[in-house]
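# The following block contains a protein sequence and its predicted model.
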Amino acid sequence: NDTSMQHRNLNHMTREERFSEAMRRTLYALKVLLPREGWTPVGPEMKYLARAIKEFTFIIHAGVFIPCIMSYGTNEQIAKWFPLAADFRIIGTYAQTELGHGSFLRGLETIATYDRANQEFIINCPKITAMKWWPGDMGKSANHVLLMAELVIDGKKYGMHGFMVQIRDLTTHEPLPGVTVGDIGAKLSFESVDNGFLYLQNVRIPRENLLSKLSEVHPDGTYIKKGNQRLMYGSMVRVRVNLIAHEIVMPLAKACTIAVRYSAVRRQGLINPSKEEVPVLDYVAQQHKLLPQVATVFMAHFAAKQLVKMHHDYSLEVEKGNTSQLPELHALSAGMKACLSEQGAAGAEIVRRACGGHGYSCGSGLPFIVNRMLATCTYEGENTVMQLQCARYLIKCADQAKKDKLTGSVWYLSDFSNMSCTAQTFGDLQEPSVLVKLHERRAKCAVQHAGKKMQNMVKNGTPAHDAWNMMATLLINAARAHIMQYVVGTSVTYISELSCSASLKKILTQLCALYALHNINSNCGDFVKFGCLTSAQCDLAQEAEFNLLKQLRPDAVGIVDSFDFTDDILQSCLGAYDGNVYERLFEWAKQAPMNKTEVHQDSYQYLQPYLHEGRDVLEGRGRNSKL
Ligand SMILES: CCCCCCCCCC/C=C\CCCCCCC/C=C/C(=O)SCCNC(=O)CCNC(=O)[C@H](O)C(C)(C)COP(=O)(O)OP(=O)(O)OC[C@H]1O[C@@H](n2cnc3c(N)ncnc32)[C@H](O)[C@@H]1OP(=O)(O)O
Ligand SMILES: Cc1cc2nc3c(=O)[nH]c(=O)nc-3n(C[C@H](O)[C@H](O)[C@H](O)COP(=O)(O)OP(=O)(O)OC[C@H]3O[C@@H](n4cnc5c(N)ncnc54)[C@H](O)[C@@H]3O)c2cc1C
């Protein structure tokens with residue numbers, strides 16, 4: 001109810017206006033509005049914030065920079081920088097990606113050279129490709145960066161390390177000497193975020209600014225390794241785990257709310273020629289577009305909760321020095337981020353397109369969501385690279401499964417029980433246990449298929465790295481199959497253990513079955529190729545999905561209402577709770593800057609002469625008039 005937090009009409013703002021407005025809202029929210037324990041908003045306000053986050057800035061500061069201080073800093077460094085960052089007295093970002101490298105971290109070129117005489121690091125970007133490029137909040141907001149750079153001592157390289165580097169004066173906000181920094185310009189989305197570039201030339205920082213939880217440099221230049229160096233990649237794992245809820249589940253839920261509500265209101269065409277125009281939601285084709293995406297929201301939410309719990313348990317173990325769960329967590333978080341962002345971004349576009357012309361209007365709120373979700377396929381680990389990381393772990397586990405009984409998310413790779421499907425009716429294929437088994441079998445076969453292909457190539461003399469490269473598409477498919485079985489399996493378990501009303505459990509079970517069947521029907525080639533289903537059973541799977549669409553149609557609006565988005569959060573003329581689509585669209589359009597005058601003077605100057613000429617022509621006075 002606080003008007004300071006009401007969304008302005010963002011679509012009618014310039015990029016710079018949106019940047020300033022986002023800064024205003026974010027700081028107002030965090031400094032004035034929200035109760036905080038430490039630095040994070042807590043309680044119901046956090047729920048609000050997660051919904052309102054779309055036009056917030058300082059997300060990298062809050063979601064990456066501060067957690068990195070906690071992960072990579074010693075107690076002394078945390079005590080020094082955490083309070084400053086938590087109170088926004090320093091604004092930071094995570095500066096890792098460079099103009100020339102993003103995925104291949106061993107290729108990063110920014111150098112931090114230790115100067116023993118002065119006990120300092122000298123930071124340099126030796127060439128243009130070494131310039132940091134993309135970090136959020138870096139162009140105009142941040143005055144510090146957590147800089148990921150190659151540590152060099154006496155000419156020897158020690159790999160990527162994290163350094164705290166101040167880039168702007170804390171009073172004037174001007175760039176410091178040796179610092180060239182700015183915004184990288186217009187992007188597909190994230191209009192309110194100043195993703196930036198950063199060119200560092202001979203910037204000196206104290207030795208104490210190397211974040212030293214995992215390694216340190218003594219005054220004499222001695223390098224000490226203190227822990228599992230793969231923990232240096234830990235911040236990326238944490239963000240991949242967290243972003244599923246914030247940047248995939250939440251936006252897809254918003255898009256589904258808008259599209260389902262609009263489809264219940266929009267009447268277009270006839271099903272029965274003798275009846276009146278129907279709501280487009282009555283078309284099965286429309287249900288087939290929308291309802292599987294609604295199901296994806298729930299299943300991704302349940303799977304993400306399980307992954308967050310896994311990451312939390314892992315973090316407690318790491319504190320005790322046990323990093324044994326890291327490989328599985330890395331593979332799962334990389335695979336989940338890639339596969340769910342792929343599904344989510346595609347799903348948001350499917351539901352946008354299902355809203356016809358008005359879905360193409362920014363007044364629907366859908367283009368904003370679609371464009372924003374597309375970024376999830378690239379940042380925090382480009383999806384292809386992440387899927388291959390997941391596949392790398394799966395291939396290793398498949399080899400190990402030949403001699404050991406596996407546990408955790410890959411347990412099914414050592415399940416050699418009979419997994420043939422005996423389904424005879426479409427009802428059999430709506431059974432959660434049947435759907436879980438089908439996904440486990442498909443994943444196991446996909447992993448083994450990719451592994452076998454590579455083994456055969458190597459046996460025939462192909463170098464292992466070439467076999468890997470040539471089978472990449474099969475490996476990516478194996479990663480997708482693994483994640484789908486994880487999402488279906490964890491969701492079935494989660495729903496079965498949920499204490500809720502029978503009617504709610506029935507709906508959730510139907511949504512879970514719809515998600516699984518939609519995945520089967522979208523990938524039936526795999527399920528038949530690997531002998532999971534016969535061709536006849538594939539027909540039953542389609543019948544089972546259509547049956548669920550029919551069962552869920554009556555509750556479709558109620559289900560998306562349960563996401564509990566306010567109109568202000570949705571920012572959509574199509575998805576507002578009152579359903580007054582047309583009045584809202586008209587009011588929204590009238591507010592467009594283009595309509596602040598009846599005649600657009602800037603363009604009229606070009607049009608006017610022709611208008612006069614046209615009149616001359618009509619009245620027979622034109623240059624070459626034949627009239
Ligand atoms: C202010 C108001 C708000 C307040 C409220 C706060 C709420 C905030 C919450 C926000 C939460 C989320 C929202 C996020 C919003 C999104 C913002 C977007 C931010 C984007 C940031 C970025 O993009 S940062 C940059 C990301 N970049 C990457 O991910 C790079 C990807 N590349 C890599 O990770 C590596 O290069 C790669 C792994 C691909 C290869 O590395 P390499 O060293 O070559 O290793 P390999 O040879 O492949 O493998 C060697 C072994 O290492 C293992 N391994 C690799 N990576 C990891 C890892 N991460 N962890 C553990 N182990 C790893 C690998 O498995 C190999 O092991 P093996 O045993 O030898 O097989
Ligand atoms: C909105 C947004 C916000 C961002 N925020 C930050 C931030 O705050 N901090 C930060 O450090 N970075 C940030 N990034 C950068 C982001 O992390 C990188 O863009 C991402 O890691 C991909 O790296 P790249 O852009 O260099 O693409 P590349 O790695 O060059 O990939 C280009 C293409 O090559 C393919 N490819 C690359 N390697 C392989 C491989 N091994 N096998 C097969 N195919 C491969 C990829 O699949 C892709 O199709 C952000 C990016 C975006 C879009």
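Looks like it arrived, so ask away. Ligands and ions are numbered 1, 2, ... in the order given.
# Any regions of the stretch 101-250 of the chain where pLDDT drops low?
When the per-residue scores of the stretch 101-250 of the chain are filtered using pLDDT under 70, no range remains.
# Show me what residue of it gets nearest to ligand 2.
G102 (2.1 Å; C-beta to the nearest ligand atom). Bear in mind the C-beta positions are built from the backbone N, C-alpha and C, glycine included.
# what about that residue, which SS state?
coil (DSSP: H, G, I helix; E, B strand; the rest coil).
# which stretches of the stretch 201-350 of the chain form strands?
Using DSSP state E, counting those that start in this stretch, the strands of the stretch 201-350 of the chain run over 215-217, 223-225.
# quick one: A502 and T509, what's the gap?
Remark: distance between A502 and T509 (C-beta to C-beta, to the nearest Å) = 10 Å.
# Pick out whichever of these two has more residues nearby.
More neighbours sit around T509 than around the other of A502 and T509, counting by other C-beta atoms under 10 Å; the figures are 18 against 7.
# so M454 touches A464, yeah?
Yes. Contact between M454 and A464 holds when scored by C-beta atoms under 8 Å: they sit 7.5 Å apart.
# between the two, who's got more neighbours?
Applying other C-beta under 10 Å to M454 and A464 shows that M454 carries more neighbours, namely 20 against 11.
# tell me the contacts of the nearest residue in space to that one that is not next to it in sequence?
In this structure, M454 finds its nearest non-sequential neighbour in A467, 4.3 Å apart by C-beta to C-beta, 6 or more residues apart in numbering. For A467, the contacting residues are 453-454, 457-458, taking C-beta atoms under 8 Å, 6 or more residues apart in numbering as the criterion.
# In helices, which of those residues appear?
When DSSP state H defines the helices, the subset of the contacts of A467 inside them is 453-454, 457-458.
# between the residues you listed, which is closest to ligand 2?
Nearest to ligand 2 among the ones in helices among the contacts of A467: M454, at 15.0 Å, using C-beta to the nearest ligand atom.
# Next to ligand 1 in this structure, residues from the chain, please.
Within the chain, the positions adjacent to ligand 1 are 26, 30, 49, 53, 56, 58-60, 62-63, 94, 96-97, 102-106, 136, 230, 233, 236-237, 239, 242-243, 246-247, 326-327, 330, 379-381, 385, 389, 392 by C-beta under 6 Å from any ligand atom.
# in the protein, which ranges drop under the pLDDT threshold?
Within the chain, the set of residues satisfying pLDDT under 70 comprises 33-45, 53-54, 613-627.
# What helix or strand is the residue nearest to M454 located in?
When elements are assigned from DSSP states H and E, A467 belongs to helix 464-470.
# residue contacts, the closest residue to ligand 1 within the stretch 101-250 of the chain?
Shortest the stretch 101-250 of the chain-to-ligand 1 distance, computed as C-beta to the nearest ligand atom: residue-wise this is Y233, at 3.1 Å. Under the criterion of C-beta under 8 Å, 6+ apart, the neighbours of Y233 are 105, 330.
# And it, how close does it get to L307?
With distances defined as C-beta to C-beta, the gap from Y233 to L307 amounts to 17 Å.
# same question, E382
Counting by C-beta to C-beta, the separation of E382 from L307 is 19 Å.
# next one: phi and psi at the most centrally placed residue in the chain?
By C-alpha atoms, centre = their mean, the chain has its centre lying nearest to T376, at 3.2 Å. Its backbone dihedrals place T376 at phi -70, psi -20, with angles given as degrees, to the nearest 10.
# Might one say that it is in contact with H246?
No. The pair T376 and H246 fails to qualify as a contact (C-beta under 8 Å) at a distance of 9.6 Å.
# List the residues that contact the nearest residue to G321 once chain neighbours are set aside.
Using C-beta to C-beta, 6+ apart and skipping residues adjacent in sequence, the residue nearest G321 is G227, 7.9 Å away. Neighbouring residues of G227 by C-beta under 8 Å, 6+ apart: 213-215, 321, 323.
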